[in-house]
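1. A predicted structure for the sequence below; I have some questions about it.
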Amino acid sequence: MDIVLLILGLFCMLIGVIGSFLPVIPGPTLSWVGLLLLILTQAVPDDWWFLGITLVVALVVFAVDYIIPVVGTKKFGGSKAGMIGTMVGLLVAIIFPVLGIFGIIVWPFVGALAGELINKADNSTAVKAAFGSFIGFLTGTFLKFVISIIFFGLFISKVWEYKEALFPFFFPEV
């Protein structure tokens with residue numbers, strides 16, 4: 001059973017890191033589920049303080065991820081249409097990866113610009129607001145990615161610390 005929990009935890013970790021770039025997958029929250037699954041194994045002792053602190057971090061990042069783009073958009077004079085455009089642009093980058101990793105940077109900006117222009121903003125205001133929405137999106141994404149990577153590092157650290165108990169077939173008792 002420990003191996004199943006370990007594999008599911010690793011899967012959650014990997015999807016969590018990928019999810020830090022996708023607006024529909026809560027990356028750090030899913031990474032936290034991976035930590036929970038690891039702690040639920042019989043090989044790793046319960047560490048409720050560890051889980052509690054990482055849960056609070058994951059929930060704060062989850063909440064802040066919704067606040068940062070709003071603040072960025074409002075600070076640069078944008079509207080909700082610019083934020084929606086940013087998300088649509090990101091989905092276009094994911095569905096049509098023509099520009100590769102560069103598309104994840106370009107398409108959200110183009111989407112925000114289109115959203116602001118559709119919202120009847122003049123060109124100068126639309127570019128400024130699109131830039132604000134884009135900066136907010138990048139900041140939130142960067143924060144989610146960093147936390148997901150830290151959680152992944154904690155996961156690997158715990159696995160390494162308890163490797164003998166998790167993988168007794170590789171580390172038989174002498």
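-> Sure, I can see it.

2. where does this protein have low pLDDT?
-> Across the chain, the ranges flagged by pLDDT under 70 are 70, 73, 99-101, 121, 174.

3. centroid residue for it?
-> For the chain, the residue nearest the mean C-alpha position is S20 (1.8 Å; Cα atoms, centre = their mean).

4. I'd guessed that one sits against K144; true?
-> Yes - using Cβ atoms under 8 Å, S20 makes contact with K144 at a distance of 3.8 Å. Just so you know, the C-beta spots here come from the backbone N, C-alpha and C atoms, and that holds for glycine as well.

5. now do the shared contacts for those two.
-> The contact sets of S20 and K144 overlap at G27, P28 (Cβ atoms under 8 Å, 6 or more residues apart in numbering).

6. before we move on, back to that, which residue lies closest in space to the residue nearest to the centre of the chain, excluding its sequence neighbours?
-> Leaving aside its sequence neighbours, S20 sits nearest to G27 (Cβ to Cβ, 6 or more residues apart in numbering; 3.3 Å).

7. can you get me a residue count around the one you found?
-> Residues near G27, counting by other Cβ atoms under 10 Å, number 29.

8. now L138
-> Using other Cβ under 10 Å: L138 sits among 18 other residues.

9. cool, and F76?
-> F76: 21 surrounding residues under other Cβ under 10 Å.

10. against T125, how distant is it?
-> For F76, the distance to T125 equals 9 Å [Cβ to Cβ, to the nearest Å].

11. overlap in contacts of these two?
-> Contacts common to F76 and T125, judged by Cβ under 8 Å, 6+ apart, are absent.

12. I'd like the next helix or strand past the helix or strand hosting F155.
-> Element membership of F155, judged by DSSP states H and E, is helix 123-161. Per DSSP H and E, the first helix or strand lying C-terminal to helix 123-161 is helix 163-166.

13. list the contacts for K75?
-> Applying Cβ under 8 Å, 6+ apart, we find K75 in contact with G132.

14. how about L30, secondary structure?
-> Classification of L30 using DSSP: H, G, I helix; E, B strand; the rest coil returns helix.

15. so how far is L51 from the nearest residue to it once chain neighbours are set aside?
-> Nearest residue to L30, sequence neighbours excluded (Cβ to Cβ, 6+ apart): G16, at 3.9 Å. The span separating G16 from L51 equals 15 Å under the rule Cβ to Cβ.

16. looking at those two, which one has more neighbours?
-> Using other Cβ under 10 Å, the more surrounded residue of G16 and L51 is G16, with 29 against 16.
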